[in-house]
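Novice: Provided below are the primary sequence and the corresponding predicted coordinates.
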There are 2 protein chains.
Amino acid sequence: MTQRRIAELAGVSQAAVSLVLSGRTDTTTRLSDATRQRVLDVLHETNYEADPAARSLAGKSNNIVGVFTYESAFPAEASDFYAPLLTGVESAAEELGADLLMFTSSRTHDGPRRLLREGSRLRLADGCVLLGRHMDAGELARLVELEYPFVAVGRRDGDARVPYVGADYASAVGELVDLAVARGHTKLTYAALPFDAESTRDRLAGFVAATRKHGVSSRVVTRSSGEAEKLARDVDVHGSTVVFVEDPVEADRLVAHIESEGRAVPRDLSVVALGEHARRDEAARDVTRLVAPRTALGAEAVRLLARIMSGEVDESIETRVLLPCSIVEGSTLADRR
Amino acid sequence: MTQRRIAELAGVSQAAVSLVLSGRTDTTTRLSDATRQRVLDVLHETNYEADPAARSLAGKSNNIVGVFTYESAFPAEASDFYAPLLTGVESAAEELGADLLMFTSSRTHDGPRRLLREGSRLRLADGCVLLGRHMDAGELARLVELEYPFVAVGRRDGDARVPYVGADYASAVGELVDLAVARGHTKLTYAALPFDAESTRDRLAGFVAATRKHGVSSRVVTRSSGEAEKLARDVDVHGSTVVFVEDPVEADRLVAHIESEGRAVPRDLSVVALGEHARRDEAARDVTRLVAPRTALGAEAVRLLARIMSGEVDESIETRVLLPCSIVEGSTLADRR
DNA sequence: CGCTGCTGATGATACGCATAATCACATGAG
DNA sequence: CTCATGTGATTATGCGTATCATCAGCAGCG
């Protein structure tokens, strides 16, 4: 079913059909209400929808949002991370009446997925949301140069032209420090992940700023996962009463380790996690922690992308958004007053 | 970057570029190795990729697999059901080098999602995988008539022309009956869901065939969810020693109810579930059950779709596939010998 | 030399849509 | 009556690609 067929059925020209569909009512393009109605009737009868390929070729957008994940998104291992994001992406897309084009094809034989290898398969989508912990800065820069509309999920301050929607870890970590200080803690240890990701820097910055503000004693150690024992010793040496553990899994491990030594959390040591893993064991301790608004991140990224695509990027639009994290008070931060 | 630009750079015509890209070597379309190489060089330098929209318009496919879910796919409530399916879909698509177009836009204000409302947004995909418990038979029939390539996940025997990949529930239920009989059970009750879905009929058929084969006493009751108590009474009246519960959640409830009455499972009553819910509480009883190969279903559906799309549907291809379920022996089926 | 057959490449066209340019016609003013 | 004006529709064109038909050139052969 094409516009030409519709036109024949309605006894008009193809152009007339296109005009009716576009809904424009300029002075340059005029149609009488009668013919307009005739065309509309046929359109309705036939359930016609314009061929998106042809629309695209003619320079129109199709309400298709691209989704690029730097790893496979659905498998159980990855789904903890991606599922809430995709939930938000999907619901925002649904609100916008947009479909999602997931670029699953871009796996290179060994390395991570690469976006630009895809060439212009990208162009089928009107814009693209980028998900993943480890994005290639070079690719982001090339996307900017191509003037391809996209939004990264997660803070990406490296290139000032990269639009992103991220979680405001700094503030949330600051709040947790406030809470610890309010409860009488004056010696704090921060256990950082040995990554150099944006979010890692962000959390640490929040910690440093807040401890400085309160003038409390703080110390930062960098620890790989699985070193709960070493971490516990580090803390003891410093004499901290609370540890801020960046990796939530590691926080659980630390709690388990402390308790396995016959000490108690938070009586002997308080533990705060700067994140949350989805597969939290229901039976595990309710660790005091921050929770990133993952579903909101996905949804907001799509909405921002929609704004960018609609051409409203007249400087007035803020293309770098931080959403607040929430705090779960939990039961592992003692009151030392 | 277009073929015309490539052509200018290589000093040939646009048609030549297209011919090189197509890789054909007919007698009707000839290019000297020299020019071919020249074009290839330019193509390589520029990282050119054909515009999928134009390709599509010119009648070519784009390696895009459509995915239609009859409900939102990612939210936690639905993700139990969809996540494993999508995992399979994604990995098979990745193997095929295909991208996934997810039709999230087709929500009607109240009712379920409708596929054909989408009109030809569908056509951007070369074919489509349909996921969901409740598909509209009319829509499937229309898709067949449109000769649009698609594959349904889940048995759909209503219309003989509908290709599907489903789980072989009948055989698996039969095996479970075999197991129960082998363990000395002679009076069996089947608690069916009050739906008229294909899979429901399939499971019941397997039960009926197997009990008939063994010549044991069987009885079928239809029970809505949440009626564990009534179900338990039904079973007692009949004097069955084992209940086959179609709804896995209901099976858990039944076990809990029996035990709350001071009776034991499987000592006083055996319970077999004809399915598995993903959110199984780790602490809950390890119910004897069958497990549908959901990830395999998704992957196989995409592979079948790929075969259909490539035009190999010369009757020789089986477009209706049943994959075997696996059996988890669990601990709720007693040995009565 | 004229014809055929072959090779290597190009021109033309269609795909379905959006849109600028154009046209037919009626109406009113001069 | 003629010309400007406005209205309602159509024609023409371009988007980028695939492909068929065509063409120029050249060699072989009678």
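Specialist: Cool, the structure landed.

Novice: Provide the backbone phi and psi angles at A:Leu96.
Specialist: phi -80, psi -10 (degrees, to the nearest 10).

Novice: oh, I was asking about A:Arg336
Specialist: phi -100, psi 10.

Novice: Now for whatever residue of the stretch 101-250 of chain A ends up closest to DNA strand C: which residues touch it?
Specialist: Closest approach of the stretch 101-250 of chain A to DNA strand C (C-beta to the nearest atom of the strand) occurs at A:Asp126, with a separation of 14.0 Å. Every residue, glycine included, has its C-beta placed from N, CA and C. Taking C-beta atoms under 8 Å, 6 or more residues apart in numbering or on different chains as the contact definition, A:Asp126 lies against A:Ser61, A:Asn62, A:Asn63, A:Ile64, A:Val65, A:Gly66, A:Pro149, A:Met309.

Novice: Not counting sequence-adjacent ones, nearest residue to it?
Specialist: A:Ser61 (4.3 Å; C-beta to C-beta, 6 or more residues apart in numbering or on different chains).

Novice: so how far is A:Arg142 from the one you found?
Specialist: 21 Å (C-beta to C-beta, to the nearest Å).

Novice: ditto for A:Glu246
Specialist: Taken as C-beta to C-beta, the span from A:Glu246 to A:Arg142 is 31 Å.

Novice: Tell me which of the two has more neighbours.
Specialist: A:Glu246 (24 against 13; other C-beta atoms under 10 Å in any protein chain shown).

Novice: A:Pro163 against A:Arg320, yeah?
Specialist: Yes: look at A:Pro163 against A:Arg320 with C-beta atoms under 8 Å: they come within range, at 6.4 Å.

Novice: So those two - more neighbours on which side?
Specialist: A:Pro163 (23 against 17).

Novice: Now that one: phi and psi?
Specialist: Residue torsions, per degrees, to the nearest 10, at A:Pro163 are phi -80, psi 140.

Novice: which residue packs closest to it, ignoring adjacent ones?
Specialist: A:Thr319 (3.7 Å).

Novice: surely A:Glu198 meets A:Arg156?
Specialist: Yes: the pair A:Glu198 / A:Arg156 is scored as a contact, 5.9 Å apart, by C-beta under 8 Å.

Novice: Any stretches of chain A with poor pLDDT?
Specialist: Low-confidence segments of chain A (pLDDT under 70): A:77, A:106-113, A:115, A:117-120, A:279-283, A:312-315.

Novice: That one against DNA strand C: which residues are in contact?
Specialist: A:2-4, A:14-15, A:18-19, A:21-22, A:24, A:28-29, A:50-51, A:54-55, A:57-60 (C-beta under 7 Å from any atom of the strand).

Novice: at 10 Å instead, please
Specialist: Residues of chain A found near DNA strand C (C-beta under 10 Å from any atom of the strand) are A:1-7, A:13-24, A:26, A:28-30, A:48-60, A:62.

Novice: Those residues also near DNA strand D: which ones?
Specialist: Answer for the residues of chain A next to DNA strand C near DNA strand D (C-beta under 10 Å from any atom of the strand): A:3, A:7, A:13-20, A:28-30, A:53-60.

Novice: What about A:Leu179, how many residues nearby?
Specialist: Using other C-beta under 10 Å, A:Leu179 has 17 other residues around it.

Novice: With the one 10 residues further on instead?
Specialist: When counting by other C-beta under 10 Å, one arrives at 23 neighbours for A:Thr189.

Novice: Am I right that it is in a strand?
Specialist: Yes: looking at A:Thr189 with DSSP: H, G, I helix; E, B strand; the rest coil, it is inside a strand.

Novice: Now for the closest residue to it other than its chain neighbours: which residues touch it?
Specialist: Among residues not flanking A:Thr189 along the chain, A:Ser240 sits closest, at 4.1 Å (C-beta to C-beta, 6+ apart). For A:Ser240, the contacting residues are A:Lys187, A:Leu188, A:Thr189, A:Arg219, A:Leu269, by C-beta under 8 Å, 6+ apart.

Novice: now swap in A:Ser199 and tell me
Specialist: A:Ser199 touches A:Gly154, A:Arg155, A:Gly166, A:Ala167, A:Tyr169, counting by C-beta under 8 Å, 6+ apart.
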